[in-house]
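Visitor: What follows is a predicted protein model with its sequence.
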Amino acid sequence: MQKKTSQLIQSIFDVNNPMLRLAERGFDLCLLNLLFIVTSIPLVTLGIAKLSLIACLRELNQSQKIKVVSLYFREFRKNWREGLGLGLLELGITGFCLFDLYLIQGQTDPIFQLLRVVCYGILILSQLIWVYLYPLAARYAMPLGQLLKQSLLLAGVHLPVTLLVLLAMGGLVVLLSLSGLSLLLTLSAFILFGYASLTYLFLRVLDKILIRYEKQNDTKELL
């Protein structure tokens with residue numbers, strides 16, 4: 001009996017125990033999410049934080065264990081120049097659309113209605129492009145124009161994946177606007193683990209697509 005109890009305890013605390021590995025993976029995702037939130041607070045560092053998070057998530061997917069903090073800040077220093085440019089471009093486009101929507105709120109003239117539709121269209125399309133663009137930028141050394149082109153093509157060719165991303169974005173917007181409690185719970189989940197977890201799941205799907213293109217073309221040209 002004592003031997004069976006000892007074996008049970010050893011199996012529970014074995015480093016290869018699936019439950020322990022799952023708990024460790026969850027802890028790493030929470031820590032990465034917190035690092036991403038903290039380093040994104042200045043806003044101008046948003047692009048750097050995204051590239052660093054994606055690099056760490058890819059390493060986490062390939063390795064059983066990583067040094068989360070040291071790896072994140074190493075990638076942060078490595079990607080600061082490219083990430084700064086991408087982040088400023090994203091903030092510029094998003095800020096321009098939101099500012100225009102703020103200026104024309106309450107206006108009912110047809111020209112303002114058309115402008116509102118255009119702003120929403122640019123805002124949604126740009127957010128979908130960023131979802132693909134940052135993983136591409138973290139994986140390949142491409143000029144910005146090619147990154148934008150490949151991101152747009154990937155979003156269009158792999159429409160089911162893009163629709164799932166759009167559905168997830170829409171679901172988050174709905175949860176944020178339902179009630180005060182829903183807003184608080186959604187923001188809490190986002191701060192604790194939400195963004196890193198969703199990005200991790202998306203990268204697992206996207207990287208399979210990219211690897212398939214690489215094998216077919218033997219080149220960094222995706223489409």
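Guide: Received, thanks.
Visitor: can you give me the offset of the helix or strand harbouring residue 111 from its chain's centre?
Guide: Take DSSP states H and E as the rule and residue 111 turns out to sit in helix 110-139. Centre-to-centre, helix 110-139 and its host chain are 16 Å apart (Cα atoms, centre = their mean, to the nearest Å).
Visitor: Show me the helices in this structure, by range?
Guide: For the chain, the helices defined by DSSP state H cover 2-12, 18-40, 46-62, 68-78, 80-103, 110-139, 144-157, 159-178, 180-189, 195-217.
Visitor: State the pLDDT value of the residue nearest the centre of the chain.
Guide: Nearest to the mean C-alpha position of the chain, counting by Cα atoms, centre = their mean, stands residue 199 at 3.8 Å. Per-residue confidence for residue 199 comes out at a pLDDT of 93.
Visitor: Confirm for me that it is in contact with residue 56.
Guide: No: counting by Cβ atoms under 8 Å, residue 56 is not a contact partner of residue 199; they are 10.1 Å apart. In short, each C-beta sits where N, CA and C put it, glycine included.
Visitor: returning to that earlier point: point out the most buried one among the helices of the chain.
Guide: Most buried of the helices of the chain, by mean neighbour count (mean count of other Cβ atoms under 10 Å): helix 46-62, with a mean of 22.
Visitor: Report the inter-axis angle for it versus helix 80-103.
Guide: Put simply, helix 46-62 runs at 120 degrees to helix 80-103, going by axes from the mean of the first three to the mean of the last three Cα atoms, to 10 degrees.
Visitor: Does helix 46-62 pack against any helices or strands, and if so which?
Guide: Judged by 3 or more Cβ pairs under 8 Å, 6 or more residues apart in numbering; DSSP states H and E, helix 46-62 is in contact with helix 18-40, helix 68-78, helix 80-103, helix 110-139, helix 195-217.
Visitor: now the angle from it to helix 110-139?
Guide: Counting by the same axes, to 10 degrees, helix 46-62 points 50 degrees away from the direction of helix 110-139.
Visitor: model confidence over helix 46-62, on average?
Guide: Averaged over helix 46-62, pLDDT sits at 93.
Visitor: Low-confidence stretches in this structure?
Guide: Scanning the chain with the threshold set as pLDDT under 70 gives 1-18, 218-223.
Visitor: What residues does the residue lying closest to residue 45 once chain neighbours are set aside make contact with?
Guide: Beyond its immediate neighbours in the sequence, the residue positioned closest to residue 45 (Cβ to Cβ, 6 or more residues apart in numbering) is residue 39, lying 5.7 Å away. The neighbours of residue 39, taking Cβ atoms under 8 Å, 6 or more residues apart in numbering as the test, are 45, 48-49, 52, 76.
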